[in-house]
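Asks: sequence first, then the predicted structure, then my questions.
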Amino acid sequence: MSDDVLLTSLLTAVTSAPDDVPLRLHVAGLLSERGRSAEALQHCIQVLARDASNTDAMGLLQRLTSGITAPPTPDVAAAPPPAEPAPVAPPAPDRTGQHRLQGYDWTHAEEEVAGTPEPVLAHGESSPVVEDIEQPGIRLADVGGMEDVKQRLELAFLGPMRNPELAKAFGKTLTGGLLLYGPPGCGKTFIARAVAGELGANFFTVGISDVLEMYTGQSERNMARIFAEARRRAPCVLFFDELDALGQKRSQLSHASSMRNTVNQMLSEMDSLGGNNDGVFTLGATNHPWDIDSALRRPGRFDRMVLVLPPDAPARAAILRYHLRDRPVAEVDLDRIVRLTEHFSGADVAHVCTTAAERALALSMQIGRLHALTTKDLEAAVKEVRPSTGAWFATARNVVAFSNSDGDYDDLSAYLRKHKKL
């Protein structure tokens with residue numbers, strides 16, 4: 001029996017016996033060995049939900065998440081656009097020289113947090129994670145294409161910040177969070193950084209390994225320290241990547257699970273029970289919004305969702321130009337490659353360029369001279385690289401069909417109706 005057939009059988013067995021912890025942990029290990037880290041991570045979380053003290057699962061979880069927190073490569077889904085983008089009036093610099101969003105009362109936010117002391121830590125505890133805090137130099141103008149996403153961000157999030165008096169007149173609050181969701185590799189993290197750039201705010205990325213610990217109560221303390229640090233560093237965009245891993249539905253967790261307490265702690269911090277969240281803007285990104293606890297979607301929390309779809313034609317053209325810019329290129333019909341890569345994620349389009357470059361390099365070594373990339377090289381790469389978004393849309397179609405009674409996924413439903421072949 002081949003390894004793939006064996007793994008498929010084991011996955012089927014896990015579906016039939018979801019509470020079989022040893023079996024699920026064995027499957028997680030096999031998935032990790034095959035480079036399917038995201039699936040392995042989900043199985044690890046399920047194991048810990050049933051057996052929070054399982055040291056083997058915690059060890060595998062730490063190995064998997066160590067790759068998540070490594071310095072990321074630039075998010076390819078929103079690569080820099082073609083030269084000479086449309087001019088955008090920059091926000092006025094504040095007294096520190098940092099660009100801040102005009103219209104929002106940053107002074108008030110700074111006064112609220114200026115006197116906040118560093119959180120008091122128990123003996124032996126580490127300091128809050130601060131090395132991941134940055135000040136992005138990118139803005140939404142640097143995001144290629146995706147005009148619908150930009151418009152939704154402007155209406156739901158940035159517009160009220162620019163016009164606080166008008167927002168107040170219409171009863172629009174400046175609290176709460178924003179959830180970016182969609183297929184993997186489509187630029188959610190890049191867009192979150194661009195939002196922070198628009199606000200002129202610090203950007204604090206939080207991954208699963210920044211929060212989860214194997215000792216009881218430590219994960220909750222990590223969550224509290226992260227929010228305390230964001231308040232001290234306000235204005236700050238607190239970005240939770242893979243939110244479904246940290247904010248999993250509590251109905252799927254055992255009563256004694258440490259993950260359940262971690263979700264409760266996040267809810268308390270977002271409600272600011274222990275401090276003032278003025279100047280702290282919470283963003284989340286997920287590929288599986290349907291797995292997030294419903295309490296995190298209530299008003300004042302992640303109460304607004306923006307669908308980030310595979311890059312449109314202008315965005316794909318920008319990504320292709322970006323990834324071909326430093327490679328030897330001959331005649332390339334960019335419009336044709338853009339048409340051939342419909343429904344490809346940004347990561348898929350970048351992989352097309354890499355695959356084409358590998359083919360051109362192999363041919364160059366074979367003929368003993370430089371072979372510049374051509375349209376044929378890119379066409380051959382497109383045939384070899386299949387879009388990775390198909391499996392996600394298959395799951396999303398079921399969600400839209402059976403779990404959209406509250407209209408949360410109307411945007412996704414409209415997209416699927418327009419693209420029935422997905």
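Replies: Nice, thanks for sending it over. Residues are numbered from 1 along each chain as shown.
Asks: what lies in contact with stretch 395-402?
Replies: Where contact means C-beta atoms under 8 Å, 6 or more residues apart in numbering, the residues beyond stretch 395-402 that reach it are 288, 290, 409, 412, 413, 416, 422. In this view, the C-beta of every residue, glycine as well, is placed from N, C-alpha and C.
Asks: where does residue 184 fall, phi/psi-wise?
Replies: phi -70, psi 150 (degrees, to the nearest 10).
Asks: please apply the same query to residue 134.
Replies: phi -140, psi 170.
Asks: could you list every residue that touches it?
Replies: With C-beta under 8 Å, 6+ apart, residue 134 has these contacts: 202, 203.
Asks: same question, residue 417
Replies: Residue 417 makes no contacts at all, as judged by C-beta under 8 Å, 6+ apart.
Asks: helices of the stretch 151-300 of the chain, start to end?
Replies: In the stretch 151-300 of the chain, the segments counted as helices under DSSP state H, counting those that start in this stretch are 159-162, 164-169, 188-199, 208-211, 218-232, 243-246, 258-270.
Asks: and of those helices, who's closest to residue 383?
Replies: helix 188-199 (27.4 Å; C-beta to C-beta).
Asks: and that closest one, what does it pack onto?
Replies: The contact analysis (3 or more C-beta pairs under 8 Å, 6 or more residues apart in numbering; DSSP states H and E) places helix 188-199 against helix 147-153, strand 177-181, strand 202-206, strand 236-240, strand 280-286.
Asks: need these in JSON lines (columns: mean neighbour count, mean pLDDT and distance to residue 308).
Replies: As requested, those are exported to JSON lines (neighbours: other C-beta atoms under 10 Å; pLDDT from 0 to 100; distance: least, C-beta to C-beta, whole Å):
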{"stretch": "helix 147-153", "mean neighbour count": "18", "mean pLDDT": "85", "distance to residue 308": "6"}
{"stretch": "strand 177-181", "mean neighbour count": "25", "mean pLDDT": "91", "distance to residue 308": "5"}
{"stretch": "strand 202-206", "mean neighbour count": "23", "mean pLDDT": "91", "distance to residue 308": "17"}
{"stretch": "strand 236-240", "mean neighbour count": "27", "mean pLDDT": "91", "distance to residue 308": "14"}
{"stretch": "strand 280-286", "mean neighbour count": "25", "mean pLDDT": "91", "distance to residue 308": "8"}
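Asks: among these, which comes closest to residue 340?
Replies: Of the helices and strands packed on helix 188-199, nearest to residue 340 by C-beta to C-beta is helix 147-153, at 22.0 Å.
Asks: of the helices of the stretch 151-300 of the chain, which approaches residue 180 most closely?
Replies: With C-beta to C-beta, the closest approach to residue 180 among the helices of the stretch 151-300 of the chain belongs to helix 188-199: 4.3 Å.
Asks: next, count neighbours for the nearest residue to residue 31 once chain neighbours are set aside.
Replies: Closest residue in space to residue 31, ignoring its immediate chain neighbours: residue 40 at 3.9 Å, by C-beta to C-beta, 6 or more residues apart in numbering. Neighbour count for residue 40, taken as other C-beta atoms under 10 Å: 23.
Asks: what pLDDT is listed against residue 40?
Replies: Model confidence at residue 40, given as pLDDT, is 80.
Asks: what is the mean pLDDT for stretch 262-276?
Replies: Mean predicted lDDT for stretch 262-276 stands at 78.
Asks: from residue 409, how far off is residue 403?
Replies: 8 Å (C-beta to C-beta, to the nearest Å).
Asks: repeat that for residue 60.
Replies: 32 Å.
Asks: repeat for residue 324
Replies: Counting by C-beta to C-beta, the gap from residue 324 to residue 409 is 35 Å.
Asks: just the ones in helices from the contacts of stretch 395-402, please.
Replies: Among the contacts of stretch 395-402, DSSP state H puts 412, 413, 416 in helices.
Asks: do you know how far the nearest residue to the second one once chain neighbours are set aside is from residue 295?
Replies: This means residue 413. Among residues not flanking residue 413 along the chain, residue 400 sits closest, at 4.6 Å (C-beta to C-beta, 6+ apart). Going from residue 400 to residue 295 by C-beta to C-beta gives 22 Å.
Asks: how about residue 329?
Replies: 51 Å.
Asks: the more surrounded of the two?
Replies: Shown here are residue 329 and residue 295; by other C-beta under 10 Å, residue 329 has more neighbours (19 against 16).
Asks: if I pick the nearest residue to the more buried one once chain neighbours are set aside, what's in contact with it?
Replies: The shortest distance from residue 329 to any non-neighbouring residue, by C-beta to C-beta, 6+ apart, is to residue 373 (4.8 Å). Residues in contact with residue 373 (C-beta under 8 Å, 6+ apart) are 324, 327, 328, 329, 330, 332, 356, 357, 360.
Asks: which pLDDT value belongs to residue 373?
Replies: Residue 373 carries a pLDDT score of 93 in this model.
Asks: roughly how far apart are it and residue 404?
Replies: Separation of residue 373 from residue 404 (C-beta to C-beta): 43 Å.
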